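Trainee: Structure here, sequence nowhere to be found:
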């Protein structure tokens with residue numbers, strides 16, 4: 001399928017199985033039949049006169065079961081929808097989908113080279129996540145958000161994640177933290193590309209791995225949702241991370257990992273709160 005190589009500047013309005021061979025009964029003499037009668041109970045599993053591995057004339061051939069084909073349409077549809085959802089999320093973070101603009105499913109479908117249906121389904125998921133809103137008979141409008149909403153999201157993230165990270169700093173052994181260094185380094189590499197969508201994905205991956213050590217799946221789901229919301233652009237195309245340098249933000253991950261490994265609780269608390277608000 002085509003991916004979003006083009007921009008999102010435009011807006012629009014919204015669509016015979018072969019029969020089995022039968023084994024013939026063998027011709028036998030009367031003596032052979034008498035011998036068979038003496039050995040029926042010893043050698044035969046079926047009716048008298050039916051030797052092992054043979055069919056009698058009264059038996060019907062057993063056809064092999066027909067294979068049940070998988071439902072490729074459902075699999076393909078779900079796959080396309082997931083790819084479109086990922087592409088739309090990337091377009092949101094990069095600013096290609098601009099706040100306040102209305103985008104129709106048919107127009108976006110043409111850009112991606114797919115029908116309007118998977119685009120509409122992906123957009124409905126984004127509406128549930130709070131990224132867009134439905135505009136009847138037109139399409140979907142990207143939500144306009146301001147600095148106050150981002151500040152509120154940062155506060156909620158701190159209320160949830162700071163206590164968890166402090167507990168993890170006291171209980172998780174150093175060797176477990178060492179396993180997260182590749183993810184922290186991945187954010188540094190992503191920051192060096194200058195691509196905010198690439199960095200956003202690496203950023204979520206690092207935070208998700210840290211919180212996963214808590215073993216709380218509900219926490220992971222809530223934190224992931226809040227994290228995505230902080231990465232969407234503000235009015236005018238600026239994102240939360242536009243107020244800080246990506247390289248500096250990635251460096252906070254390595255500093256936080258050092259503090260978590262050493263169990264430095266005060267440093268962990270300061271870094272996490274500052275990381276969310278851009279003041280670290």
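Mentor: Right, received. Where do you want to start? Keep in mind that what you see is a predicted model, and the values were worked out from it rather than measured.
Trainee: and the gap between residue 262 and residue 165?
Mentor: 13 Å (Cβ to Cβ, to the nearest Å). Quick note: C-beta positions are derived from backbone N, CA and C, even for glycine.
Trainee: Give me the more crowded residue out of these two.
Mentor: Counting neighbours by other Cβ atoms under 10 Å for residue 262 and for residue 165 shows that residue 165 has the greater number, 24 against 13.
Trainee: For residue 127, see how far away that one is.
Mentor: 31 Å.
Trainee: Against which helices or strands is the longest helix along the chain packed?
Mentor: Scanning the chain for the longest helix, with DSSP state H as the assignment, gives helix 147-171. Contacts defined by 3 or more Cβ pairs under 8 Å, 6 or more residues apart in numbering; DSSP states H and E place helix 147-171 against helix 196-212, helix 217-231, helix 246-262, helix 265-277.
Trainee: Which of those sits closest to residue 100?
Mentor: helix 217-231 (16.9 Å; Cβ to Cβ).
Trainee: now the closest one against helix 265-277, angle please.
Mentor: Interaxial angle, helix 217-231 versus helix 265-277 (axes from the mean of the first three to the mean of the last three Cα atoms, to 10 degrees): 50 degrees.
Trainee: and helix 217-231, which residues are buried?
Mentor: For helix 217-231, the neighbour count (16 or more other Cβ atoms under 10 Å) marks 222, 223, 226, 227, 228, 229, 230, 231 as buried.
Trainee: Kindly calculate the angle that it makes with helix 147-171.
Mentor: Put simply, helix 217-231 runs at 140 degrees to helix 147-171, going by the same axes, to 10 degrees.
Trainee: neighbouring contacts of helix 217-231?
Mentor: Residues outside helix 217-231 that contact it (Cβ atoms under 8 Å, 6 or more residues apart in numbering): 89, 93, 129-131, 150, 153-154, 156-157, 160-161, 164, 196, 200, 203-204, 207-208, 211-212, 239-241, 276.
Trainee: ditto for stretch 207-215
Mentor: 161, 164-165, 167-168, 172, 176, 180, 183, 219-220, 223-224, 227, 260.
Trainee: taking those residues as a set, which two sit the farthest apart in space?
Mentor: Greatest spacing in the contacts of stretch 207-215, by Cβ to Cβ: 176 and 227 (21.5 Å).
Trainee: Neighbours of residue 215, how many?
Mentor: Residue 215 has 8 neighbours, counted by other Cβ under 10 Å.
Trainee: Would you mind giving the domain segments of this structure?
Mentor: With domains defined by automatic domain parsing, the chain comprises 75-142, 147-277.
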